[in-house]
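Chemist: With the sequence up front, the predicted model follows.
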Amino acid sequence: MFNRLISLTAAVLATAVAAHVAAANDVTHFALANGLQVVVIPDHRAPVVTHMVWYKIGSADETAGKSGLAHFLEHLMFKGTAKNPSGRFSQVVATIGGQENAFTSSDYTGYFQRVPRDELKAMMEFEADRMTGLVLTDDVVRPELSVVLEEQNMRVANNPSARLGEQMEAALYLNHPYGRPVIGWRHEIEELNREEALAFYRRFYTPNNAIVVIAGDVTADAVRTLAQEIYGKVPRVAEVKPRARPQEPAQEAPRTVTLADPRVAQPSVSRYYLVPSSTSARPGESEALEVLAHILGRGSNSRLYRSLVFGQAIAVSASASYDSTAVDATRLSVSAAPKPGTTLAQLEAAIDGVLTELIDKGVSGEELDRSKSRMIADAIYANDNQRTMAQWYGAAIATGASVEDVRAWPERIRAVSADAVHEAARRWLDKRRSVTGYLVKDARPEDKRS
Amino acid sequence: MKLFLSARRCACKAYALVFACALLIVLSPSARAVTIERVVSPGGIEAWLVRSPAPMIALEFSILGSADQDPADKPGLSYMAASLLDEGAGPYDAMAFHERLESRAIELSFRAGRDYLRGTLRTLKENSDAAFDYLRLALVEPRFDAEAVERIRGQILSQLRRDSVSPTHLASRNWWATAFPAHPYGQPVEGTLDSVPRITIDDLRSYTRRVLARDNLKIAIVGDVDAQAAGQLLDHAFGKLPAQAELTHISAAVAQGLGRRMVIQLDVPQAVVNFGGPGISRGDPDFMAAYIVNHILGGGSFSSRLYREVREKRGLAYGISDSLVWLNSSALMIGSTATRADATGKTLEIIEHEIRRLAQEGPTDEELVKAKTYLKGSFALGLDTSNRIAAQLVQMQIDKLGIDYIERRSALIDAVTLADAKRVAKRLLDSGLLVTVVGRPEGVMSRESATSKEGG
C-alpha cells in the first residue's frame, strides 16, 4: 500500500496529491495463465476506454543488419488476419468514430484504440486475433514498405536536425543497439521483406511477451473476466528470453559529430550523455537524474535558459531532457541554439560553464523544491488524460518497472535530495561518456568545435 | 453499439449573483452526465462551464482580432504580442513571472491565429486564485520590457529562419500567399524576417490596447468549480479589460489561384504538396454536408479515398489528408501530403483525379453511412482532456452553434441525404485547386492555370 508522506509536500500540492494517490491506488494489475499481463486504470469521467497492447519488443531487439524491422512489422500489423482480413479492424474502429494508432520505440511496440466503453470487448477480440493470427501477402507488404520509406523521408531525410540526431545516437552507443534508429537505416529498410517480418512476429508476438493496458470506464473485475475469456485463449507461441543486449564498454573519449547542410538556417549545438535509465539505475539515481534535467533545462526557469537566453543573451533557446524510460543505459541531452553573432564554440563554452557550476556547487533548496513541485503536478495533470495514463504505465512496465514503481513515482521524486542531484551531476555529466553534435550550414572550422 | 449523444435542456435559473443555464449532455444511455452551464458573472462576463471532479481547473478563451489585425507592413505583430503576454506583467518581470507560475505548477499560454487570439490556463484547484490573478496581469498589465521583447523577437526570428528552409512551411506559406494576395490571410501569422525586426514596443502596446477587450471574448471552463466561484474568477481575470475593442474591418475574400501549380525548388528527397481551394463557411446550410464529403475524401480516419488510393494501394506517402478550414472572412478546403521526387507527378494526378471523381459522381451510399457513424462517434471520443473539452466549447461559441449544439449535432449529420452530399460535393470540389509543391519533383513544373500546358 501507499506510504503517505504528504507532510513533506509543499502545502500547495497536498490536496491534489491526495486525490492523485486515491486514483493511483485504484490501478490493478494481474497476469493470465498464458503469461499476458493486464493493467486496469479506472477513469469514470466519460463512458470511454483506451485499450492498449504493448509488446516488449523494439528496435533494440532486432538482429544486426535488419534495422527497422520492429517498426515495419508495426505497420504490417494493420494488414489483417484469416479471421479479420484486409483492414476490417480499422474499418470497425472508423465506423464507430474511434481513434487508433500504433508506435514503436527501441524497447517496445504498442497498439491502441480509444472507443466507447461498450466496444472494449470487440477491440480485445481484434487484438487477441492479431496477436498470433497475422496474414501477410507481398501485395500488401510491398506498398507498405514504400510507405515506411516515405515516413523515413518525412521524419529524417527531409530534416537536417533529425539526421544529426541519428548520427549522434550512433556515436553515443559504441556497442549497444540503441545506436540504431528506430525507423531503421534507409539501406536496410529497403531490403526488409515479408518473410523477415513474419519470422520476427512469430518470435516475439506472444501473450507472454505482451501487456494489455486498459484505461477508462471499466472495473477491474469486468476486465479480468473479459481478458480471461478473450486473451486467455491465445496460446503461447514462443518462449521469451531475457533482453540481454550488448552493453556499453567503459566510454573513454568524448565524441563530436558535425552535420553540415545548406538548408540549416539556424545552427545549434547538442550534447548527449550516456546515463542510467530507470531500469538500469541504482535506487534513487534515475529520480535524481530526472530532477537534475528539470533544473538544468526545462522551461524558462531552468539554469540553461536563465544563463544563456536571459543572462548572457547569446542563445535563442536552451534546454535539457532525460528519457528515463528504457531497459538499458539511456541519454540525458542538452541543447541550445545561438543568436546571430554567437559561434557554436562560444555557445558550447557557455553550456559547459553552466554544467561546471552545477557539478561544482550543486543546486539550491529553492530550485529543488520548485522543480519537484512542478514535476509532481505533472503526475496529477496526467490523470486528466486517459491515454497519457495508459502510456505511462505501459511504457514503464514494458521496460521493466512494476505497477508499484509507477504508482510511487511522486513519492520517489519527492524523496530526491539536493545531495542526490549534486551527486548525479558529478557522476553522470562526464564528457568522456558523451557526444556533442553541431548543426551547421557549412562546415567552417570556427563553427565546428570548441 | 454506437456512442449515444443526447441532451436535455433545463430551465434557466437566475441566482442573486450568478446567472447560469445548464444543459445536460448524457454521454451514454447510462446515468452519468456532463452538464454545460452558461455562467454570467456579476460583472457580465459569460462563460460555458463543465464541472469535473479532477482537482484542477482548465480554462480556454478566445478574443476576436489577431493576425487579421496586423498592419499590412507589419505581419507578425499579434503573434509577437501573444508570445509576450506571459513574459512579464504587473509587478513581475519575465523571470519573476515564470518563477511564480512554475512554483505553483500553473500553465498559462497565449497564441495568435488568423482571426483569434487564444489563451489557455491550467491549474491545480488550490492555486486557482493565483492562476486567475496571473491571467489578469498578463491581459491587463503586460509589461513588454525591452529585455523580453528582444528575447522573444530573437526566438521568433530563429523560428522564421528555420521555416525559411522547411519544405512543409514553404509549401503552406506559398499556398496562403497565393490564395490571398493583398489580404491579411496572405500574410504569415508569425510574420516575416523583414517585418519582425521592425515591430516596436509601441506597436505591441497599440495592438493589446485596441484588441484585448470584453466584447468579443469567448470563454469555457472545465474543472472543480461551481458557477458562483467561476463568476468571481472570471470577473477577477477579465473584468478589468475595456468593454469594447477597436477592430479594423476585414473584408471577405475567396481563395485565388485556382488551377495554378507552383513548384518551389528545394534540395530535399521528399516533395511536400499542399492543395486546396474555396471551402464552405460554418454558417452555410450546406456546411454539414460539406463536412461529410470532406471526411470521405481525405478526413482523419484510415479509410478516406485519398488515404486508400495514395497510401494503402500505392505506398506513395506516409500521410495524406485534407480538412475544411473556416475563417471569419473566408472558407477553405486544404490538404497536404509528402511524396518522393519521382512519384510527385503521379501523386498529384491521383489527388486531382479523386477530387474530380468525387465532385462529379458524389459519394456512394455506403460511404455516406460510414462517414456519418464515424463523425457522430468521433466527436465525443476526441474530447479526452479538460482543456480539449474547454477548447471545443469555445469553438462552439465562436461558431454560434448554441449551447445545445451537442444535443442537435447527430440529427444534423443524419439529415444529410445522398442527394445533398452529391450536390455539395460538386459545389465544394469542382472549382479547381491551387497546388504548391516544395522539393525537387521530377517532371512536375509550375503552371499558371489548369488550361495552360505544363512547362509554364
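Modeler: Nice, thanks for sending it over. Residues are numbered from 1 along each chain as shown, chains lettered A, B, ... in the order given.
Chemist: Could you export stretch B:74-84 as CSV, CA atoms only?
Modeler: Only the C-alpha atoms of stretch B:74-84 are listed here, as CSV (Å, rounded to 0.1, in the frame of the first residue of the first chain):
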residue,chain,number,x,y,z
LYS,B,74,4.0,44.5,-40.0
PRO,B,75,2.7,41.0,-40.2
GLY,B,76,3.6,39.0,-37.1
LEU,B,77,2.6,41.8,-34.7
SER,B,78,-0.2,39.9,-32.9
TYR,B,79,1.9,36.8,-32.9
MET,B,80,4.7,38.6,-31.1
ALA,B,81,2.3,40.3,-28.7
ALA,B,82,0.7,36.9,-27.8
SER,B,83,4.2,35.5,-27.2
LEU,B,84,4.9,38.3,-24.8
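Chemist: which residues touch it?
Modeler: B:65-67, B:69-71, B:110-112, B:117, B:142, B:144, B:148-149, B:152-153, B:155-156, B:184, B:187-192, B:195-196, B:198-199, B:203-204, B:207-208, B:211 (Cβ atoms under 8 Å, 6 or more residues apart in numbering or on different chains). Every residue, glycine included, has its C-beta placed from N, CA and C.
Chemist: do that again at 6 Å, thanks
Modeler: For stretch B:74-84, contacts defined as Cβ atoms under 6 Å, 6 or more residues apart in numbering or on different chains pick out B:66-67, B:70, B:110-112, B:117, B:144, B:148, B:152, B:187, B:189-191, B:195-196, B:199, B:203-204, B:207-208.
Chemist: can you give me the strands for chain A?
Modeler: Here chain A has its strands, by DSSP state E, at A:28-31, A:37-42, A:48-55, A:99-104, A:109-116, A:210-216, A:255-260, A:268-275, A:315-322, A:330-338, A:434-440.
Chemist: Put together CSV for these, with distance to A:Gly353 and mean neighbour count on each row.
Modeler: CSV is the format used below for the strands of chain A (distance: least, Cβ to Cβ, whole Å; neighbours: other Cβ atoms under 10 Å in any protein chain shown):
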stretch, distance to A:Gly353, mean neighbour count
strand A:28-31, 46, 16
strand A:37-42, 44, 22
strand A:48-55, 42, 26
strand A:99-104, 38, 18
strand A:109-116, 41, 25
strand A:210-216, 43, 26
strand A:255-260, 18, 18
strand A:268-275, 13, 24
strand A:315-322, 12, 24
strand A:330-338, 12, 25
strand A:434-440, 15, 24
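Chemist: closest one to B:Ala371 among these?
Modeler: strand A:99-104 (15.9 Å; Cβ to Cβ).
Chemist: could you say which helix or strand contains the residue in the stretch 351-456 of chain B that chain A sits nearest to?
Modeler: Distance from chain A to each residue of the stretch 351-456 of chain B (Cβ to the nearest Cβ) is smallest for B:Gly377, at 2.2 Å. B:Gly377 is part of helix B:365-381 when elements are defined by DSSP states H and E.
Chemist: Output stretch A:222-232 as PDB - backbone C-alpha positions only.
Modeler: Presented in PDB, the C-alpha positions along stretch A:222-232 are these (Å, rounded to 0.1, in the frame of the first residue of the first chain):
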ATOM      1  CA  ALA A 222     -15.200  -6.900 -15.600                       C
ATOM      2  CA  VAL A 223     -11.800  -6.600 -17.400                       C
ATOM      3  CA  ARG A 224     -10.500  -9.700 -15.700                       C
ATOM      4  CA  THR A 225     -13.500 -11.700 -16.900                       C
ATOM      5  CA  LEU A 226     -13.200 -10.400 -20.500                       C
ATOM      6  CA  ALA A 227      -9.400 -10.800 -20.600                       C
ATOM      7  CA  GLN A 228      -9.600 -14.400 -19.400                       C
ATOM      8  CA  GLU A 229     -12.300 -15.200 -21.900                       C
ATOM      9  CA  ILE A 230     -10.600 -13.500 -24.900                       C
ATOM     10  CA  TYR A 231      -6.900 -13.100 -24.300                       C
ATOM     11  CA  GLY A 232      -6.800 -16.200 -22.200                       C
END
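Chemist: Any buried residues in stretch A:222-240, and which?
Modeler: Of the residues in stretch A:222-240, A:223-224, A:226-228, A:230-232, A:234, A:237 count as buried by neighbour count, 16 or more other Cβ atoms under 10 Å in any protein chain shown.
Chemist: Sketch out the helices for the stretch 1-150 of chain A, chain order is fine.
Modeler: Using DSSP state H, counting those that start in this stretch, the helices of the stretch 1-150 of chain A run over A:14-25, A:69-76, A:88-95, A:120-132, A:138-152.
Chemist: Highest mean neighbour count out of the ones you listed?
Modeler: Compared across the helices of the stretch 1-150 of chain A, helix A:69-76 shows the largest average neighbour count, a mean of 24 (mean count of other Cβ atoms under 10 Å in any protein chain shown).
Chemist: hmm, back to that, quick check, nearest of the buried residues of stretch A:222-240 to B:Leu234?
Modeler: For the buried residues of stretch A:222-240, the closest approach to B:Leu234 (Cβ to Cβ) belongs to A:Val223, at 40.8 Å.
Chemist: show me what contacts the nearest residue to the closest one once chain neighbours are set aside?
Modeler: In this structure, A:Val223 finds its nearest non-sequential neighbour in A:Val40, 4.9 Å apart by Cβ to Cβ, 6 or more residues apart in numbering or on different chains. For A:Val40, the contact set (Cβ under 6 Å, 6+ apart) comprises A:28, A:214, A:220, A:223.
Chemist: ok, now with 10 Å
Modeler: By Cβ atoms under 10 Å, 6 or more residues apart in numbering or on different chains, A:Val40 lies in contact with A:26-30, A:212-216, A:218-224, A:227, A:393.
Chemist: Can you give me the pLDDT of residue 40?
Modeler: Since you didn't name a chain, this refers to chain A. pLDDT, the model's per-residue confidence, is 98 for A:Val40.
Chemist: Wait, chain B was what I had in mind.
Modeler: On pLDDT, B:Val40 comes in at 97.
Chemist: Pretty sure it sits against B:Gln228.
Modeler: No. Applying Cβ atoms under 10 Å, one finds B:Val40 not in contact with B:Gln228, separated by 11.4 Å.
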